[in-house]
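1. turn this into a model:
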Amino acid sequence: MFLKIFNNSVSGFIRKGLILLLLLTGSILVNAQTLVKGFIRDAITKRPISFATVMFKDGKGVTSDENGSYSIETRNPKFNTIIISFVGYATVTERITPGIEQTLDIDMELSKAMKEVVVKRGRGKYRNKNNPAVELIDKVLENKEKNRITAYDYVQYNQYEKLGLSLANTPEKLMKNKLFRSFKFIMENVDTTSVQGKSLLPIYIEEKLQEKYYRKNPSEEKTRILAEKKVNYGDFIDNAGISSYLKSLYVDINIYDNTIPLLQQQFLSPIADLGPAFYRYYIRDTTVIDSVKLVRLYFTPKNPNDLIFRGTMYITLDGNYSIQKIEMTISKKANVNWTRELKIKQDFEKGPDGRYHVIKSDMLTEFALVNSSSGSMYGERLVSFKNFLINVPAPDSIYKAKDEVNLSNVINNTDSFWIAQRHTPLSNVEAKAYYNIDSLKNTKKFKTFMTVVTALFTGYVVLGDYEIGNTNTFYSFNPVEGFRLRLGGRTTAKFNNNIYLENYIAYGFKDERFKYAANVTLSLNHKSIYAFPLHYLKVGYQYDMKIPGQELQYVQEDNFLLSFKRGKNDKWLYNRIFKTEYEREFGKNFQLSLGFKNIQQERAGGIYYVKPNAPTDSIQGLTTTEISAQIRWAPGEQFYQGKNYRIPIVNKYPIFSLRYIAGVKGLLGGQYNYHNLNLYAEKRFYMSQLGFTDITMEGGYTMGKVPFPLMTIHRANQTYGYQLNSYNLMNFLEFVSDKFYATNFDVHFNGFFLNKIPLLRKLKWREVASAKVLYGSVRDENNPAKNGDAFQFLKYTDPNTNVTTPATYTLDKGPYIEVSVGLANIFKLLRVDLIKRLTYLDHPDISKWGVRFKVRFEF
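-> Here you go, the predicted model:
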């Protein structure tokens, strides 16, 4: 009896346990994701089949890309069969296992009917007129505005984006790579399924989860960042700068815009207003999805070298002429550097009002230094959109807040949070990349490797808490110092996170003088003084040489390459400078700088200070004491933070700065009272297929009676490198002004004209042109020709005739103008300009023509 009761109890327990297990298993299957991916090929030729349809039986589908690759996913456990079809091929049906990730490659055979068809090749002349495909595109253009998301009064949705980089090679070469063999745990995390015949090694991944809000009137666009996560390589790399640079390459894609900015270039959308002038369109067939009739339209460039796409789009025939799906890539002949392949896929979803909005955007790019190499780098940006809410206003507090509010915190960055909130789960390889890179940066071999790389690319050698550099200033030369040696360095955040020390010492073997500098900087936000946002106080003293009027960008004046100059380069100053600087950045757009500076100038070389009726050597130098303030506003600015300078990632947003300097007589020996105002603005204007134009404008005014060294000495360039913000055929100290206005135009046509020339378009050269115009004047009180008490301008004595003429001038005869034309993208790096000086051609020892060079990395 006891055994019977026991057996019944055990049986009941087992039955209940089995029922519970089945319920749990069913729950898991309901929530688990089914992911099927692979390649579709011709069974005989093994060539990829592009744009084949892959769909779950009784469910939605996708199409294969240019390489025949597909990926389809669902959370419905009832879908256990996929169907693959393509015009001319026999339909393939395959069973799958729900709830797991699986790879399924498909070989398709021609249908029986196709095997019996004889195809005669031939194509008639393409015309836009009376072309049904072009007429369909015209309908799409007519309905563009109402199909934009901005057609609604209010829109809000959730956005998830994932940005990743992976090194790629054949599996054999990647495994044999000497560098990676030293990090075995990295090699154990290789993706061999995403790209056929390639092994992908993830080196960077970044994720962001956001809420987006749009209001039409008054216009507002707001972003609330809920969470963000990225790999971190430590102090060796500017992680934020990498993120900004990648975002400049992979921007949001709106197919309804006329131009699509990608890889820092402007590509013409296939449904741009000018699309029919640059594209050929062909109707392939029609299909029905979700009871909506669609036209499958193929588009291709008329000129394969232009910055336009080829691919397939699906257009609805419901009266809205919306894009339901689009897949496109660029021509291999397109004038783009370092890019072997670029693919874009966008899926759209039908809203309650019948219009379509994008729900998924995927951009995949393969980069390679040499097209023939087996090694490359893959970059991918995946953006997913969910929970669209149309024409429902958000609370007023949302629209009154900042344009971007970061709500990310420790809670939102836990693994459990990301697993629950990601729109698309990470693959096992991607998930492991976070852990592997965190482990990698702490290995001794990696630190040694990055130390060497940092020294080669930044010029600084890291020795514990101290960096020695900049190496390209260790040796230089000039006419006054002769051969010059310099050695210096600075402390890092490892020495102290709040206090930074910097120093150098230099020696000129001709003038036999030591030069030196020492700075102490106090970080006021407990962050690196080189990282955003800046907030520091710096005190320093310097004794060194300088060419008057030189204000170089992104390079130091004693750089070895700048030692080579044309013409006479003997106008120098010895400066003793004591300075105090306060710097603060507010958000990403606004910067405040305050300064105090005492400068003791001592003339050197061919500079002399002379007043009427005074001996030539009676005035050895000048002393000034200045108080300054500057504000800078740069909305939308992006940059990469280098070791010395921020390298700008130029975009469409303008930059403005306003600077005020007051000279104080009697303070620490200051000899002059004066006030100086300077206003500067720059902006890039995009011209679609014609490229872009960079325009800078600057104006300045100096109030007070001052000698010419304290006026604006216009930026001249006597090196052989092309400088964007200097006058490349002007001599040092050739022009001075106490009020001036300048405008510079730098036009890049991106190969628009050369792409049309058969023999030249293969070189992928790009046309450039520039014009620089400078107006200025000097008031009578500061002009030595009208005021005998003013310092005399410098003079030039011809060594052949011994005739003396002026060497420093005012701009009273009109503007200084120089123009140039040139070729860029030579060997993908070099720009060469032929420059012509148009005015003031009678000045002595000038160059009327010149050839200048510039090395520039660009896509």
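2. tell me where the model's unsure across this structure.
-> Applying pLDDT under 70 to the chain flags residues 1-31, 88, 112-124, 170-182, 185, 410-412, 551-561, 588, 613-618, 641-645.
3. what packs against the host helix or strand of residue 430?
-> In the assignment (DSSP states H and E), residue 430 maps to helix 428-440. Here helix 428-440 touches helix 184-187, strand 199-215, going by 3 or more Cβ pairs under 8 Å, 6 or more residues apart in numbering; DSSP states H and E. Bear in mind the C-beta positions are built from the backbone N, C-alpha and C, glycine included.
4. I'd like the next helix or strand past that helix.
-> For helix 428-440, the following helix or strand on the C-terminal side (DSSP H and E) is helix 444-458.
5. all strands of the stretch 551-700 of the chain, in order?
-> 571-586, 590-605, 621-633, 639-641, 646-648, 655-663, 674-686, 692-703 (DSSP state E, counting those that start in this stretch).
6. my error: substitute the stretch 701-850 of the chain in the last question.
-> For the stretch 701-850 of the chain, strands defined by DSSP E, counting those that start in this stretch occupy the ranges 712-713, 736-737, 739-748, 766-777, 795-797, 804-806, 816-826, 830-837, 849-855.
7. of all these, which lies closest to residue 487?
-> Closest to residue 487 of the strands of the stretch 701-850 of the chain, according to Cβ to Cβ: strand 849-855, at 26.4 Å.
8. nearest spatial neighbour of residue 540, skipping sequence neighbours?
-> Spatial nearest neighbour of residue 540, excluding adjacent residues (Cβ to Cβ, 6 or more residues apart in numbering): residue 519 at 3.5 Å.
9. ok, residue 99 next?
-> Spatial nearest neighbour of residue 99, chain neighbours left out: residue 32 (3.8 Å); criterion: Cβ to Cβ, 6+ apart.
10. right, and the one you found touches residue 79 too?
-> No. Using Cβ atoms under 8 Å, residue 32 makes no contact with residue 79, being 12.0 Å away.
11. those two - which one has more neighbours?
-> Neighbours were counted for residue 32 and for residue 79 using other Cβ atoms under 10 Å; residue 79 has more, 20 against 16.
12. pull the contacting residues for the closest residue to that one other than its chain neighbours.
-> Leaving aside its sequence neighbours, residue 79 sits nearest to residue 56 (Cβ to Cβ, 6+ apart; 4.1 Å). Neighbouring residues of residue 56 by Cβ atoms under 8 Å, 6 or more residues apart in numbering: 72, 74, 76, 79, 81-83.
13. repeat the analysis, applying 7 Å as the threshold.
-> Taking Cβ atoms under 7 Å, 6 or more residues apart in numbering as the criterion, residue 56 is in contact with 72, 74, 79, 82.
14. quick one, strands of the stretch 351-500 of the chain?
-> Ranges of strands in the stretch 351-500 of the chain, per DSSP E, counting those that start in this stretch, are 356-367, 376-390, 404-406, 461-463, 466-468, 475-478, 482-491, 499-508.
15. dump these to CSV, plus mean neighbour count.
-> Below are those laid out as CSV (neighbours: other Cβ atoms under 10 Å):
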stretch, mean neighbour count
strand 356-367, 20
strand 376-390, 18
strand 404-406, 14
strand 461-463, 16
strand 466-468, 18
strand 475-478, 18
strand 482-491, 17
strand 499-508, 17
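16. how about these in a markdown table, adding distance to residue 853?
-> Formatted as a markdown table, the strands of the stretch 351-500 of the chain follow (distance: least, Cβ to Cβ, whole Å):
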| stretch | distance to residue 853 |
| --- | --- |
| strand 356-367 | 25 |
| strand 376-390 | 28 |
| strand 404-406 | 40 |
| strand 461-463 | 28 |
| strand 466-468 | 30 |
| strand 475-478 | 19 |
| strand 482-491 | 24 |
| strand 499-508 | 27 |
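17. those: which one's closest to residue 683?
-> When the strands of the stretch 351-500 of the chain are compared by Cβ to Cβ, strand 404-406 sits nearest residue 683, at 21.5 Å.
18. which residues does that closest one contact?
-> 223-225.
19. list the neighbouring strands of it plus their orientation.
-> If you go by DSSP bridges, strand 404-406 pairs up with strand 220-230 (parallel).
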